[in-house]
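> Here is the input, now give the coordinates:
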Amino acid sequence: MPRTLAVANQKGGVAKTTTVATLGAALAELGQRVLLVDLDPQACLTFSVGIDPEDLDKSIHHVLLGGVRARDVLIELDGAPDLLPATIALATADVQLARESGPEQVLRTALRPLRTAYDWIIVDCPPTLGLLTVNGLSAASDVLIPLQCETLAHRGVGQLLDTVHDVQRLTNPGLHVLGVLPTLYDGRTTHARTVLETIADTYSLDVLQPAIPKSIRFAEAPAIGETVLSTAPASPGAKAYRALAGALLY
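Take a look at the predicted model:
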């Protein structure tokens with residue numbers, strides 16, 4: 001069975017999508033069969049791997065709410081992880097899911113027929129704590145929390161962990177919190193180091209290593225539908241994600 005990793009933080013701008021795309025690509029480089037799932041109505045993951053959401057007739061929205069099979073929406077990409085794409089149609093999904101029976105389990109059920117085809121399924125959760133994120137957490141074996149090391153990160157982590165604990169109690173008792181991944185990290189600043197140490201201690205969370213450095217390279221890669229692994233393979237950011245992928249495997 002694959003490891004299903006939900007990448008979640010309701011605070012935007014913390015490199016969730018970058019982490020999903022780049023970590024997925026790094027795992028694929030190591031010979032892993034990887035599926036990326038875009039659960040964000042903004043469809044940034046879909047766009048960042050070179051797919052224009054506006055060109056799609058069907059997306060993960062139709063899988064969750066339209067009775068369409070996941071394999072009929074799946075996009076296979078050459079030399080890269082496969083993708084279940086998103087479109088803006090997902091913007092109404094929380095409201096529509098609330099009308100379903102067992103709304104927290106819809107994604108898990110939809111992914112079940114695909115599970116034997118992959119070693120890793122990585123879910124890009126939206127920057128909310130609504131039913132889409134709960135679906136991502138309910139379908140996952142692990143959750144990874146990307147974290148920009150600033151003071152306001154405290155509040156966000158506490159709220160997310162409350163949701164994680166609810167999911168563990170109600171729908172997915174086996175969900176494991178892998179830890180926080182420092183992103184956009186500048187280790188030269190005392191503030192960044194202090195915030196990271198405080199959050200790790202306050203919430204008893206593991207801090208995943210290495211920290212992902214702040215770099216313009218990450219912003220450049222999605223513009224051409226690639227990750228920093230191919231556009232700047234020797235950059236510190238590329239090396240960090242490759243090291244993280246290796247650590248998760250070995």
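> Show me where this structure has its strands.
3-7, 34-38, 82-84, 120-124, 142-148, 176-183 (DSSP state E).
> For the fourth one, name the packing helices and strands.
It refers to strand 120-124. The elements that strand 120-124 packs onto, with contact taken as 3 or more C-beta pairs under 8 Å, 6 or more residues apart in numbering; DSSP states H and E, are strand 3-7, helix 16-29, strand 34-38, helix 131-139. C-beta here means a position set from N, CA and C on the backbone, and glycine is covered the same way.
> now the third one against strand 120-124, angle please.
Meaning strand 34-38. Using axes from the mean of the first three to the mean of the last three C-alpha atoms, to 10 degrees, one finds that strand 34-38 and strand 120-124 are set 20 degrees apart in direction.
> can you check the first one too?
Taking the same axes, to 10 degrees, one finds strand 3-7 and strand 120-124 inclined to each other by 20 degrees.
> Distance from strand 3-7 to the middle of the chain?
Counting by C-alpha atoms, centre = their mean, to the nearest Å, strand 3-7 is centred 7 Å from the centre of its parent chain.
> partners of it, with directions?
According to DSSP bridges, the neighbouring strands of strand 3-7, each with its direction, are strand 120-124 (parallel), strand 142-148 (parallel).
> in the sheet, who's paired with residue 4?
The bridge-partner assignment for residue 4, based on DSSP bridges, gives residue 121.
> which stretches of the protein have low pLDDT?
Along the chain, no part satisfies pLDDT under 70.
> Could I get the full set of helices for it?
For the chain, the helices defined by DSSP state H occupy 16-29, 44-48, 60-65, 93-97, 106-111, 131-139, 153-170, 190-203, 217-220, 228-231, 236-249.
> could I get these as CSV with distance to residue 81 and mean neighbour count?
Formatted as CSV, the helices of the chain follow (distance: least, C-beta to C-beta, whole Å; neighbours: other C-beta atoms under 10 Å):
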stretch, distance to residue 81, mean neighbour count
helix 16-29, 4, 26
helix 44-48, 10, 23
helix 60-65, 15, 23
helix 93-97, 23, 17
helix 106-111, 14, 21
helix 131-139, 16, 26
helix 153-170, 25, 16
helix 190-203, 29, 15
helix 217-220, 17, 16
helix 228-231, 12, 20
helix 236-249, 12, 19
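> any chance of these in CSV, plus distance to residue 82?
What follows is these, written out as CSV (distance: least, C-beta to C-beta, whole Å):
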stretch, distance to residue 82
helix 16-29, 9
helix 44-48, 12
helix 60-65, 13
helix 93-97, 21
helix 106-111, 12
helix 131-139, 16
helix 153-170, 25
helix 190-203, 33
helix 217-220, 22
helix 228-231, 17
helix 236-249, 17
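> wait, which of the ones you listed is closest to residue 209?
helix 236-249 (7.2 Å; C-beta to C-beta).
> Quick check: the residue of the chain most remote from its centre vs residue 181, distance?
For the chain, the C-alpha lying farthest from the average C-alpha position belongs to residue 190; by C-alpha atoms, centre = their mean, that distance is 28.0 Å. Taking C-beta to C-beta, to the nearest Å as the criterion, residue 190 is separated from residue 181 by 20 Å.
> Same check on residue 165?
With the distance defined as C-beta to C-beta, residue 165 ends up 20 Å from residue 181.
> How about residue 197?
Look at residue 197 and residue 181: by C-beta to C-beta, they are 15 Å apart.
> re earlier: which one of the helices and strands packed on strand 120-124 lies closest to residue 49?
Nearest to residue 49, of those and by C-beta to C-beta, is helix 16-29 at 6.1 Å.
> helices or strands up against the closest one?
Looks like helix 16-29 contacts strand 3-7, strand 34-38, helix 44-48, strand 120-124, strand 142-148, strand 176-183, helix 228-231, helix 236-249 (3+ C-beta pairs under 8 Å, 6+ apart).
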